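Undergrad: Here's a sequence, model it:
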Amino acid sequence: FVGKMSCPGEEMVSEMKEDSSAVDMTEFSDEMLLNILRFVPITDLILNVRWVCKKFAMLCVDKSLTSTVELKNNYQAGDEKVKQLLKEIGLQIQELNMSGCYWLLGSTIDQVTRCKNMVKLDLSGCRLTSIRLSKILSALQNLRSLAIDVTSGFDSGQLSSECKATLRRVTELKQTLFTPSYGVVPCCLTLERLLLYFEILDLSREGTMLSGQLMVGESNVPHYQNLRLFYARLAPGYINQEVMRLYLAVLSVSTPKNLQAFLISVPGSFSESGATQNLLDSMAHLSLSALQLPKSWLNGSSVLQHLKFSNPFYFSFSRCTLSGNQLIQRILNGGNYLKSLVSLNLSGCVNCLSSDSSFRKAEDDIDASILETLVTSCMHLRHLNLSAAHHHGSEASGKHLCILLATLRHLCSLALPVCSIADVSKNSDQLLGQTVSPASTSTVYKGFGKKLRIGVPTYPRIVSEQTDSVGQISVFRILMESLPFLSHLELIGSSFSSAMPRNEPAIRNSLPPCLRAQKVGDEEVAAISLLRFLRSLTLAQLPATLTGSGLVSIGMKCQHLQVLSLANLGMMGKVAYMPSLCEMLKHCKCLKDLRLEQPYFTANALFFQALSHCSALQRLCIISRNGTFQSDAVMSFMDCCQNVIMCHMFTGESLTACRNLQRSIIQSFQKERPALNVVIFPLLHEGLADDIRDVPMMHLDEITLFKSRVAEQPPRLWW
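TA: Model (predicted):
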């Protein structure tokens, strides 16, 4: 009797054995069961599955399942579940990722002290004070890797001697700054990897300008002598750059001899200073394996001539004026084989595929020989970003960009400008089909005025049957067929800019799309369905998307799709692809994140009924200038999809309507969904920037704000 009480699931298992058609999982080997159980959320594993039977009770606490605990994105893990989890297996946990667990109370975070054998801990995005951090680190004497946020009110003077002793042994630190501070960096005497994220706002809530001056105190100088990796990512703002210069000033005095990776990501301009110039000069004696510098440090500079590289695995030259010849000679070592390079970011490098940048215009063709040298030299590339630039292939060269990229068989993620995948030989008549006359093409592209009725094009079921009017397979389809491992694809218009920038009012007007991009439509979108392992897809500014019929094919065939971002597809005045989108969503059973940015989008009952089929959906973001929503439909959707924990909607509705809907959602669902985050606000309201400043950084950075994420940072940079 006691045995049955301790393992209440044994009755269920015995009933399963009586049914000869049922699968008895207890007869599986331990190795097979462990491989299955590792896909179960750790809270369910320890608090529920563990009690099914004696065999599961033993396997669920196996070291392979409990030594590394992931609570990030486990939105159903409330305070009581996490407390009980840490109580049950705290001593077994060696690595704990609580990044972005913004909903957990401080008293729950305190329970981390139970994990005495902790080696790696990520508390970024959690409620953390100086005193709480001191208490936790004092109990974790074996800690070697730490990630935290430094917020307003942080005081290193409140850290105990035991806490500082732990920090002296930390070799990896990831620190997100929301206030000007050195944080705990001066306490870490043996740092080998330092990651800094600057998220400091220039203005306070009261509208006063903040100061970038750090508080001067005891031991306020960082210790960089053992650094092997230095990474810094700055959000827009003057204060972030000022604080960053103070960190670099120390680094320029004594450059670490073992520095292998130096990466600084800065939006806009970041001018050089005497300290940064000294730093660059001293780096000439190093041998780097990863490099990213602000564009102003590279443009017109000879720094690349003096830097040395040893088995490089990551390069980012985003938004710099690097020419194709410079790329080959200075980076690719004259076109020699670089089998070590796995990630390359050339987003915004408008001249990187042209031999000379002196007189190049945006509409000029690329030099195919440069791209051919690139793909030949870097055959093992897994991540490549060529977005935010006009890369137009020449028909005369006979080597289209898509054909050349098709040789990179190991690509896992790829970002391209829409214009780069256009078939040069395809004219407008062929693109739009026989249902659209040449006289109507300008109306379709511009998106305003009287629209013609356009039929839904059909697509052959067999890939080999998919041809254009002259019997040739599109070059983009050939590319898709050639990349079997591609899981992350971005097609972004060269002129696209999101209506919702960071820390600024919404953008009211957008630039017109590239003329070459007007040849990319439903046929190219349908070709994406060839990617059977596609997990993340971004489509932005495809003006020739007429009915969106290609989306249906993606939904039906890309069954692993988890992240979908669509922006400014087709005609701007009317969302003609809405029926196809609704049909697509009915097939997206694994979709977790959906971001839609489309003017005049109507979030009505039909849309939310289709979206309700996405049973795994967790985060929804809708951005629509002059768009509307139906409150009853939103509430029904939230009630149906119980996994949704983020609902961001920025439309043309009134402030009153937005506030009422936001309040209703929070009151109805906050209790059952502790991680629920709801922001519903007029897109063009002057208070938008202030309203989103309280959005958890993980949501803001991962879905709400639009950006290209391919090769954004080195692979496996942190966790």
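
Undergrad: Tell me how many other residues surround the residue nearest to A232 when sequence neighbours are not counted.
TA: Excluding the flanking residues, the one nearest A232 by Cβ to Cβ, 6 or more residues apart in numbering is L196, at 4.5 Å. (C-beta placed from N, C-alpha, C; glycine too.) Neighbour count for L196, taken as other Cβ atoms under 10 Å: 21.

Undergrad: isn't L196 right up against L248?
TA: No: the pair L196 / L248 is not scored as a contact, 10.3 Å apart, by Cβ atoms under 8 Å.

Undergrad: Quick one: classify the residue nearest to A232 as helix, strand or coil.
TA: Following DSSP: H, G, I helix; E, B strand; the rest coil, we place L196 in the strand state.

Undergrad: can you check L551 too?
TA: L551 ends up helix, using three-state DSSP.

Undergrad: excluding its backbone neighbours, what's nearest it?
TA: Per Cβ to Cβ, 6+ apart, closest to L551 is M584, 4.3 Å.

Undergrad: Counting by contacts, list what the one helix or strand the one you found maps to packs against.
TA: Element membership for M584 (DSSP states H and E) is helix 578-585. Here helix 578-585 touches helix 549-557, helix 605-611, going by 3 or more Cβ pairs under 8 Å, 6 or more residues apart in numbering; DSSP states H and E.

Undergrad: Just the angle for the helix or strand just after the first one relative to helix 549-557, thanks.
TA: Moving toward the C-terminus from helix 549-557, the next helix or strand (DSSP H and E) is strand 563-569. With axes from the mean of the first three to the mean of the last three Cα atoms, to 10 degrees defining the directions, strand 563-569 sits at 170 degrees from helix 549-557.

Undergrad: got the buried residues for strand 563-569?
TA: Neighbour-count burial for strand 563-569, counted by 16 or more other Cβ atoms under 10 Å, picks out V563, L564, S565, L566, A567, N568, L569.

Undergrad: Name the residues that touch that strand?
TA: With contacts defined as Cβ atoms under 8 Å, 6 or more residues apart in numbering, strand 563-569 is touched by 493, 496, 498, 510, 535-543, 545, 548, 577, 581, 588, 591-599, 703, 706.

Undergrad: quick one: which of those sit in helices?
TA: Cross-referencing these against helices under DSSP state H gives L581.

Undergrad: Of the contacts of strand 563-569, which belong to strands?
TA: Using DSSP state E, the members of the contacts of strand 563-569 that fall within strands are S536, L537, T538, L539, A540, Q541, L542, D593, L594, R595, L596, E597.

Undergrad: wait, the fourth one sits on L491?
TA: Yes: applying Cβ under 8 Å, one finds L539 in contact with L491, separated by 5.4 Å.

Undergrad: returning to that earlier point: in PyMOL, how would I select just the buried ones from the contacts of strand 563-569?
TA: Typed into PyMOL, the line below selects the buried ones among those, using 16+ other Cβ under 10 Å:
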select buried, resi 493+496+498+510+535+536+537+538+539+540+541+542+543+545+548+577+581+588+591+592+593+594+595+596+597+598+599+703+706
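
Undergrad: low pLDDT regions in the chain?
TA: Along the chain, the model assigns pLDDT under 70 to residues 1-22, 214-221, 300-301, 334-335, 357-359, 395-398, 425-472, 503-505, 508.

Undergrad: which residues of the stretch 601-719 of the chain fall in strands?
TA: Using DSSP state E, counting those that start in this stretch, the strands of the stretch 601-719 of the chain run over 602-603, 619-623, 628-629, 646-651, 677-682.

Undergrad: Next: the stretch 101-250 of the chain.
TA: Listed in chain order, the strands of the stretch 101-250 of the chain (DSSP E, counting those that start in this stretch) span 120-122, 145-150, 172-177, 193-198, 229-234.

Undergrad: Which of the ones you listed sits closest to R516?
TA: Closest approach to R516 among those (Cβ to Cβ): strand 229-234, 32.1 Å.

Undergrad: Could you check the angle that closest one makes with strand 193-198?
TA: Calculated by the same axes, to 10 degrees, strand 229-234 forms an angle of 10 degrees with strand 193-198.

Undergrad: Using CSV, write down the CA coordinates of strand 229-234.
TA: The C-alpha trace of strand 229-234 is given here as CSV (Å, rounded to 0.1, in the frame of the first residue of the first chain):
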residue,chain,number,x,y,z
LEU,A,229,37.1,37.3,-25.7
PHE,A,230,35.7,40.8,-25.5
TYR,A,231,32.2,41.4,-26.8
ALA,A,232,30.1,44.6,-26.6
ARG,A,233,26.7,45.3,-28.0
LEU,A,234,25.3,48.8,-27.8
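
Undergrad: and it, what does it pack onto?
TA: strand 193-198, helix 238-253, strand 261-265.

Undergrad: nearest spatial neighbour of S296, skipping sequence neighbours?
TA: Using Cβ to Cβ, 6+ apart, the closest residue to S296 is S269 (5.0 Å).

Undergrad: Just confirm the one you found contacts W297, I think it does.
TA: No: between S269 and W297 there is no contact under Cβ under 8 Å: 10.1 Å.

Undergrad: what helices or strands is the longest strand along the chain leaning on?
TA: Counting residues, the longest strand found in the chain (DSSP E) is strand 308-316. Applying 3+ Cβ pairs under 8 Å, 6+ apart, we find strand 308-316 packed against strand 261-265, strand 287-292, strand 343-345.

Undergrad: As JSON lines, those strands with mean neighbour count and distance to H400 would be great.
TA: Formatted as JSON lines, these follow (neighbours: other Cβ atoms under 10 Å; distance: least, Cβ to Cβ, whole Å):
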{"stretch": "strand 261-265", "mean neighbour count": "21", "distance to H400": "31"}
{"stretch": "strand 287-292", "mean neighbour count": "20", "distance to H400": "29"}
{"stretch": "strand 343-345", "mean neighbour count": "25", "distance to H400": "20"}
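
Undergrad: before we move on, back to that, check contacts around the residue nearest to S296.
TA: P294, K295, S296.

Undergrad: Make sure the last one is indeed in a helix.
TA: Yes: S296 sits within a helix when classified using three-state DSSP.

Undergrad: need the helices and strands packed on strand 308-316 in TSV with distance to R693, can you?
TA: Converted to TSV, the helices and strands packed on strand 308-316 look like this (distance: least, Cβ to Cβ, whole Å):
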stretch	distance to R693
strand 261-265	21
strand 287-292	27
strand 343-345	28
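
Undergrad: do you know which of those strands lies nearest I42?
TA: strand 343-345 (29.9 Å).

Undergrad: mind listing what that closest one pairs with, with the direction of each?
TA: As defined by DSSP bridges, the strand partners of strand 343-345 come to strand 308-316 (parallel), strand 383-385 (parallel).

Undergrad: thinking again about what came up before, of the helices and strands packed on helix 578-585, give the one that comes closest to C101.
TA: C101 sits nearest to helix 605-611 of all these, at 26.2 Å, using Cβ to Cβ.

Undergrad: What is that closest one packed up against?
TA: Judged by 3+ Cβ pairs under 8 Å, 6+ apart, the packing partners of helix 605-611 are helix 578-585, helix 631-640.

Undergrad: Deepest-packed of the helices and strands packed on helix 578-585, please.
TA: Ranked by mean neighbour count under mean count of other Cβ atoms under 10 Å, the helices and strands packed on helix 578-585 are led by helix 549-557, which reaches a mean of 23.
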